[in-house]
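Engineer: no FASTA, just this:
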Ligand code: NAI
């Protein structure tokens, strides 16, 4: 099939070409994000392959439909950026990569926790400059601390097991508890997670009911000195409220791999540009905030799996054989 790949980086090309080697779809790579201005690039392509910060609202879907697109093949698990209802109305199929390496994201959440706690990023710079002082680098033992996990699906369950293995007490909230975690995780009410956890890590999807779930009221319930980690989706967190909590010292550590307005920033080298997002720039001024630009998924294993499943989804759509990991307004697979 003719496939227009948006938001392409060199690594996408490398892994998709490899996965496509023996399959032979016609892949055309475009660097820009997909939006209403760039959608015309996909004119005549039956398949549009998109990533997390591509825009797939009703306007873009209507343009794609008029140009002949039949399948949106997402290179992500999350599909909150697609207007699934409109896609269904237009008869456009949407497929995703339901799981690639949940370990990659769970381990990145741990990396943020350890980095924030033991300040390895700061120590690295100090030592390189001949500054061997330990002032300001004091951490705490993770052993014995209470970790709150919000969402114990594929990623959250692995994260919970990692933290349990480190000797933490793990409490969790999920409307659909995972029975296989009993003995590792204590399922409690969401408010109790907020109240008892020393570290809270978000692993639930962005849905209308979870948007800004971490708002001023939720933050007010948390332990003073809490560490908050978000490797899930930026809009789970009301960033303005979090900044207030950093200022009042209720949040003592903040680790973000995702940010509400990351579409304007993440994945690109903006080091020569003026960044106009004042909220984001305010976050960067706190010494106890560690931000990575949506790299939780970014491991060899995950990129192989993303490329393989994306190509397999396109083939399944083309031939009607094999598994098509379809998402629709009603259900996902
Ligand atoms: P999943 O679908 O396997 O698990 C999500 C869990 O959240 C489910 O158990 C579900 O019952 C639960 N949940 C639903 N509503 C909830 C609520 N209101 N409160 C608490 N829990 C709720 O998803 P998966 O694969 O574990 O992904 C989790 C998140 O990680 C997603 O938002 C995804 O977009 C994000 N993600 C981030 C990546 C990164 O690079 N940083 C890469 C891949 C995924």
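Structural biologist: Okay, I see it. Note that this is a predicted model, so its numbers are computed, not measured.
Engineer: and the lengthiest helix in the chain, which residues are buried?
Structural biologist: The single longest helix within the chain, with elements called by DSSP state H, is helix 300-319. Residues of helix 300-319 classed as buried by neighbour count (16 or more other CB atoms under 10 Å): 302-303, 305-318. In this view, the C-beta of every residue, glycine as well, is placed from N, C-alpha and C.
Engineer: touching the ligand at all, it?
Structural biologist: No - judged by CB under 6 Å from any ligand atom, helix 300-319 stays clear of the ligand, getting no closer than 7.9 Å.
Engineer: what's the most distant pair in the buried residues of helix 300-319?
Structural biologist: Based on CB to CB, the longest span within these runs between 302 and 318 and measures 24.6 Å.
Engineer: picking up where we left off before, show me what the longest helix of the chain is packed against.
Structural biologist: helix 10-20, strand 47-50, strand 71-74, strand 93-95, helix 102-118 (3 or more CB pairs under 8 Å, 6 or more residues apart in numbering; DSSP states H and E).
Engineer: picking that back up, quick check, nearest of the buried residues of helix 300-319 to the ligand?
Structural biologist: Minimum distance to the ligand across those is 7.9 Å, recorded for residue 302 (CB to the nearest ligand atom).
Engineer: gap between the closest one and residue 105?
Structural biologist: As for residue 302, its distance to residue 105 is 8 Å (criterion: CB to CB, to the nearest Å).
Engineer: shared neighbours of those two, anything?
Structural biologist: Here residue 302 and residue 105 have no joint contacts, going by CB atoms under 8 Å, 6 or more residues apart in numbering.
Engineer: interface residues of the stretch 201-333 of the chain facing the ligand?
Structural biologist: 203-206, 209-210, 231-233, 257-258, 294, 296-297.
Engineer: give me the buried subset of these.
Structural biologist: Buried among these by 16+ other CB under 10 Å: 203, 204, 206, 210, 231, 232, 233, 257, 258, 294, 296, 297.
Engineer: OK, now which residue of the stretch 51-200 of the chain is nearest to the ligand?
Structural biologist: Taking CB to the nearest ligand atom, the stretch 51-200 of the chain has residue 153 as its residue nearest the ligand, at 1.7 Å.
Engineer: so what's that residue up against?
Structural biologist: Applying CB under 8 Å, 6+ apart, the residues contacting residue 153 are 174, 178, 203, 204, 205.
Engineer: can you pull the contacts of the last one?
Structural biologist: It refers to residue 205. So residue 205 contacts 78, 80, 151, 153, 232, 233 (CB under 8 Å, 6+ apart).
Engineer: ok, back up a step: what's the farthest-apart pair in the buried ones among the residues of the stretch 201-333 of the chain next to the ligand?
Structural biologist: 210 and 297 (19.5 Å).
Engineer: any idea of the pLDDT on residue 332?
Structural biologist: Predicted confidence (pLDDT) at residue 332: the value is 62.
Engineer: the ligand contacts on the stretch 51-200 of the chain?
Structural biologist: Residues of the stretch 51-200 of the chain lying near the ligand (CB under 6 Å from any ligand atom): 77-78, 102, 105, 150-156, 173-176.
Engineer: on the three-state scheme, the single nearest residue of the stretch 201-333 of the chain relative to the ligand is what?
Structural biologist: Residue of the stretch 201-333 of the chain nearest the ligand, by CB to the nearest ligand atom: residue 296 (2.9 Å). Using DSSP: H, G, I helix; E, B strand; the rest coil, the structure places residue 296 in coil.
Engineer: again with residue 158
Structural biologist: Going by three-state DSSP: residue 158 is helix.
Engineer: that one contacts residue 99, correct?
Structural biologist: No - checked against CB atoms under 8 Å, the pair residue 158 and residue 99 is beyond contact range at 10.7 Å.
Engineer: please, which helix or strand holds the residue located most distally from the centre of the chain?
Structural biologist: What lies farthest from the middle of the chain is residue 130; by CA atoms, centre = their mean that is 36.2 Å. Secondary structure from DSSP states H and E places residue 130 outside every helix and strand.
Engineer: picking up where we left off before, export the residues of the stretch 201-333 of the chain next to the ligand as JSON lines, with columns for secondary structure and pLDDT.
Structural biologist: As requested, those are exported to JSON lines (DSSP: H, G, I helix; E, B strand; the rest coil; pLDDT from 0 to 100):
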{"residue": "203", "secondary structure": "coil", "pLDDT": "98"}
{"residue": "204", "secondary structure": "coil", "pLDDT": "97"}
{"residue": "205", "secondary structure": "coil", "pLDDT": "93"}
{"residue": "206", "secondary structure": "coil", "pLDDT": "93"}
{"residue": "209", "secondary structure": "coil", "pLDDT": "96"}
{"residue": "210", "secondary structure": "coil", "pLDDT": "97"}
{"residue": "231", "secondary structure": "coil", "pLDDT": "98"}
{"residue": "232", "secondary structure": "coil", "pLDDT": "96"}
{"residue": "233", "secondary structure": "coil", "pLDDT": "95"}
{"residue": "257", "secondary structure": "coil", "pLDDT": "98"}
{"residue": "258", "secondary structure": "coil", "pLDDT": "97"}
{"residue": "294", "secondary structure": "coil", "pLDDT": "95"}
{"residue": "296", "secondary structure": "coil", "pLDDT": "96"}
{"residue": "297", "secondary structure": "coil", "pLDDT": "94"}
